[in-house]
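[1] need a structure here:
(one chain, ligands or ions: 1)
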Amino acid sequence: MASVTGSLVIAGLGPGAEALVTPEVTAALSAATDVVGYIPYVARVAPRAGLTLHPSDNRVELDRARAALEMAAEGRRVVVVSSGDPGVFAMASAVFEALEAREDWQALDIRVLPGITAMLAAAAAAGAPLGHDFCCINLSDNLKPWEIIESRLRHASKADFAMAFYNPRSASRPEGFTRTLEVLRQECGPDRLITFARAVSTPDQRIVTVTLAEATPDMADMRTVVIVGNSATRRVGRFVYSPRSVR
Ligand code: SAH
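    Prediction:
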């Protein structure tokens, strides 16, 4: 059986800006012997003596999680990095999935450190579009069929939730977001506000709010989180907000 002296931290690096990395994540990275994660996220960790970086490609989350647990079981101090929060469409679930299969790893010192997730950084940049009840949907159909995505879009719209969408659009599935906008127009009408928040907290940040009638699929890409308001969401000056009460 493997030793259980190592540790595994699953850390969120926030949406991009260094100032939005929490002090406990910075401390965990300073104490790490190994950092594991998707290439662009590992690139955000400064190299130093005694630290081995293990960047890997996207879509290998479970292999990456197993490799990280293996290293922790060997006694290393491993940090798995995600962007934003590690529990939001990211590595924390992949690690626990790997852990389910290996009882001997379950005694390891494992901690999840939260980060500022994209929708919260985006909402703050736009004003307060998530100021009332909201939900959050991953639009990627890599891990679930389109039928489930569409059903959730329709139910959330009917329940008058504000909605935040992650992974809205990629080159490999450009038609999904076109269909998303069609469903939203059907359910929420043409005047509903939609905010496209791209590369939030980085020098490339761009925040654009339009109505659903004005929204086009090319307004989103994989660096964009999309926020659709509820029926009461409105503009005030250059901001957009959802009132605290809906009657
Ligand atoms: N764990 C991450 C989400 C990973 S899924 C988090 O909590 O933020 C990747 C998606 O997150 C992207 O397709 C995009 O929709 C969103 N995203 C991540 N960083 C972002 C940023 N800085 N600005 C806007 N959207 C971002």
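[2] please make it C-alpha for all contacts and neighbour counts, starting now.
    Fine.
[3] give the buried residues for stretch 146-162.
    For stretch 146-162, the neighbour count (16 or more other Cα atoms under 10 Å) marks 146, 149-150, 153-154, 156-157, 160-162 as buried.
[4] likewise for stretch 162-175?
    So, applying 16+ other Cα under 10 Å, buried residues of stretch 162-175: 162-169.
[5] same list, the residues you listed, but only the ones touching the ligand.
    166-168 (Cα under 6 Å from any ligand atom).
[6] could these go into TSV alongside pLDDT and secondary structure?
    Output for those, formatted as TSV (pLDDT from 0 to 100; DSSP: H, G, I helix; E, B strand; the rest coil):
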residue	pLDDT	secondary structure
Y166	98	strand
N167	96	coil
P168	96	coil
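[7] tell me which residues touch V183, please.
    V183 sits next to 150, 153-154 when contact means Cα atoms under 8 Å, 6 or more residues apart in numbering.
[8] how does it look with 10 Å?
    150-151, 153-154, 157, 177, 189 (Cα atoms under 10 Å, 6 or more residues apart in numbering).
[9] for it, helix, strand, or coil?
    Secondary structure, DSSP: H, G, I helix; E, B strand; the rest coil: V183 is helix.
[10] domains of this protein?
    Per the record, the chain has its domains at 7-116, 119-241, by automatic domain parsing.
[11] dump those domains to JSON lines, plus distance to R247.
    JSON lines is the format used below for the domains of the chain (distance: least, Cα to Cα, whole Å):
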{"stretch": "domain 7-116", "distance to R247": "31"}
{"stretch": "domain 119-241", "distance to R247": "9"}
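[12] just the ones of the buried residues of stretch 146-162 in strands?
    A162 (DSSP state E).
[13] mind putting the buried residues of stretch 146-162 in a markdown table, pLDDT included?
    As requested, the buried residues of stretch 146-162 are exported to a markdown table (pLDDT from 0 to 100):
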| residue | pLDDT |
| --- | --- |
| W146 | 93 |
| I149 | 95 |
| E150 | 96 |
| L153 | 98 |
| R154 | 98 |
| A156 | 98 |
| S157 | 98 |
| D160 | 98 |
| F161 | 98 |
| A162 | 98 |
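[14] residue ranges with poor pLDDT in the chain?
    Where the chain drops to pLDDT under 70, the residues are 1-4.
[15] returning to what we had before: what's the closest of the ones next to the ligand among the buried residues of stretch 162-175 to A123?
    The nearest member of these to A123, counting by Cα to Cα, is Y166 at 13.0 Å.
[16] can you pull the contacts of the closest one?
    88-89, 118-119, 136-140, 221-227.
[17] among those, which are in reach of the ligand?
    88-89, 118, 222-225.
[18] just the buried residues out of these, in PyMOL syntax.
    In PyMOL, a selection of the buried entries from the ones next to the ligand among the contacts of Y166 looks like this (16+ other Cα under 10 Å):
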select buried, resi 88+89+118+223+224+225
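[19] among the ones next to the ligand among the contacts of Y166, which ones are in strands?
    224-225.
[20] which positions in the chain make contact with the ligand?
    For the chain, the residues in contact with the ligand (Cα under 6 Å from any ligand atom) are 15-16, 82-86, 88-90, 117-118, 166-168, 197-201, 222-225.
[21] on that earlier part again, next, format the buried residues of stretch 146-162 as a markdown table and append distance to S56.
    Below are the buried residues of stretch 146-162 laid out as a markdown table (distance: Cα to Cα, whole Å):
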| residue | distance to S56 |
| --- | --- |
| W146 | 27 |
| I149 | 28 |
| E150 | 31 |
| L153 | 32 |
| R154 | 36 |
| A156 | 35 |
| S157 | 37 |
| D160 | 39 |
| F161 | 36 |
| A162 | 34 |
